[in-house]
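Participant: need a structure here:
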Amino acid sequence: MSMRSAAERMHYDVSYLSRVINGRQTPSEKLARALDQLLGTGGAFMEMLTPPSSADEAAVLARESVTHLLDHDSRYGADHIASAAVQVWRSEQRRVNASPSRSLAHLSAVSELAEIAGWLLFDANRQDEARQAFVESHLLAQQAGDKQMQWFALDLLAMQDVQCGRPGEALSITDELLTRPNLPPRVALLARTRRARALAQAGDRARSLADVERALGALEDSISLRDPAWAWWVTEPEIVGHWGEVLLSLGDHSAAIPHLQQASSAMPPEGRGTLYYAVAELTAFSAVGAWRECEVLLQRVATILETVSSSRSRARFRSAIRTIRRDGPGWLSDVAVDVAA
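Facilitator: Predicted structure coming up:
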């Protein structure tokens, strides 16, 4: 049974289950009972529970307070919940700052809260606030001696640099990451993917394509026991989607389309990821003048936007609509105006 399948059947966030399985988070009694019921293990998981220390308990409560927000983001986008994540993070930050005996586990938990808040701010297109959260997450992870969270914060900073068109800074971060000794293969693979995106934005076709091809080729052999818990989502469709984005940045829109379609087909029927790739496909099709395909995608995006609120994808959608209104036929321009309204 895959981790994602188990999480869905128990109605748990897969990232939380990943942290428990990788020893990064103490499991709750509720999870142990759910695992026993799912796997028919007759209470074996309940027997494995050990009482957490007060510091560990604080760390667990801090993490669990925002895991449902991540699930909400996957389904509905982050626009309406980013501020709630910031509130939880800042509240826990004040608590750990006021504690005379700050535990490393608690510091690490607050680092993760900052990372989660940063991700949700990123998806809500509140980029200045997201950057501050990622930087503070990295500093907290350094204080906690948590290398895995340090890698994650740096990866997210590189991700945001690519989103905001700062390829030079993204390259500095990824090159620094890739020179670190004993970097887990999957973290290196993700850094190489971010670097491919940055190189494409800088116009370096040969090196960007070489990096993304190398990342995809190394995916199957990249799994190791040293992988951080947060790397569970690095999958083939994820890398293929980045390949499509690399080709878009290089201006090779026709070649990008099958990659984006492949990544899109791996998404659930609805949710933030579905919206993201539908808008990416619309961007590519509008660039090559495939207007009938654009009409289908416009209607699809309009339907998704009834339930998903992701300002990051909305901003890109508006850009695609401007292209359609400028270059497309009149009948499609009217459709685009109606959808935009």
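Participant: Skip the chain neighbours and tell me the closest residue to the most centrally placed residue in the chain.
Facilitator: Against the mean C-alpha coordinate of the chain, by CA atoms, centre = their mean, the closest residue is Trp119 at 7.0 Å. Setting aside the residues directly before and after it, Trp119 is nearest to Leu156 in space (CB to CB, 6 or more residues apart in numbering), at 6.7 Å. For glycine as for every other residue, the C-beta is placed from the backbone atoms N, C-alpha and C.
Participant: Check Leu49 too.
Facilitator: Ala32 (5.4 Å).
Participant: now Leu177
Facilitator: Leu177's closest residue in space is Ala191 (CB to CB, 6+ apart), at 4.4 Å.
Participant: Give the burial count for that neighbour, as a bare number.
Facilitator: Neighbourhood size, Ala191 [other CB atoms under 10 Å]: 25.
Participant: quick one, what contacts it?
Facilitator: 155, 158, 174, 177-178, 183 (CB atoms under 8 Å, 6 or more residues apart in numbering).
Participant: Let me have the residues you listed in TSV, adding neighbour count as columns.
Facilitator: TSV is the format used below for those (neighbours: other CB atoms under 10 Å):
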residue	neighbour count
Asp155	23
Ala158	29
Thr174	28
Leu177	21
Leu178	13
Leu183	16
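Participant: Confidence-wise, which of these comes last?
Facilitator: Checking pLDDT across the contacts of Ala191, the minimum falls on Leu183 at 90.
Participant: Next one: the closest residue to that one other than its chain neighbours from Leu190, what distance?
Facilitator: Leaving aside its chain neighbours, Leu183 sits nearest to Leu177 (6.7 Å; criterion: CB to CB, 6+ apart). Distance, Leu177 to Leu190, by CB to CB, to the nearest Å: 9 Å.
Participant: list residues touching both of those two?
Facilitator: Asp155.
Participant: Pretty sure Ala7 is one of the things Leu35 touches, is it not?
Facilitator: No: Leu35 is beyond contact range of Ala7, at 10.8 Å (criterion: CB atoms under 8 Å).
Participant: what about Ile116, how many neighbours?
Facilitator: 25.
Participant: Might you report the residue contacts of it?
Facilitator: Contacts for Ile116 (CB under 8 Å, 6+ apart) come out as 66, 69-70, 85, 89.
Participant: For the helix or strand hosting Arg318, buried residues please.
Facilitator: Assessed by DSSP states H and E, Arg318 sits inside helix 311-327. For helix 311-327, burial by neighbour count (16 or more other CB atoms under 10 Å) applies to 311-314, 316-317, 320-321, 323-325.
Participant: what are the phi and psi angles of Ala170?
Facilitator: phi -60, psi -40 (degrees, to the nearest 10).
Participant: Next, the contact list for Ala302, please.
Facilitator: Val339.
Participant: Relative to the whole chain's centre, how far out is the helix or strand hosting it?
Facilitator: Element membership for Ala302 (DSSP H and E) is helix 291-304. Relative to the chain's own centre, helix 291-304 is displaced by 24 Å; criterion: CA atoms, centre = their mean, to the nearest Å.
Participant: what angle do it and helix 311-327 make?
Facilitator: Counting by axes from the mean of the first three to the mean of the last three CA atoms, to 10 degrees, helix 291-304 lies at 150 degrees to helix 311-327.
Participant: buried set for helix 291-304?
Facilitator: Those would be 291, 293-295, 297-298, 300-302, 304, for helix 291-304 by 16+ other CB under 10 Å.
Participant: State the mean pLDDT of the strand or helix carrying Ala117.
Facilitator: Secondary structure from DSSP H and E places Ala117 in helix 104-123. If you average the pLDDT over helix 104-123, you get 93.
Participant: so what does the helix or strand just after that helix touch, helix or strand wise?
Facilitator: Per DSSP H and E, the first helix or strand lying C-terminal to helix 104-123 is helix 127-144. With contacts defined as 3 or more CB pairs under 8 Å, 6 or more residues apart in numbering; DSSP states H and E, the packing partners of helix 127-144 are helix 82-98, helix 104-123, helix 147-163.
Participant: Return the most buried member of those.
Facilitator: helix 104-123 (a mean of 26; mean count of other CB atoms under 10 Å).
Participant: roughly how far is that helix from the heart of the chain?
Facilitator: Distance, centroid of helix 104-123 to centroid of chain: 13 Å (CA atoms, centre = their mean).
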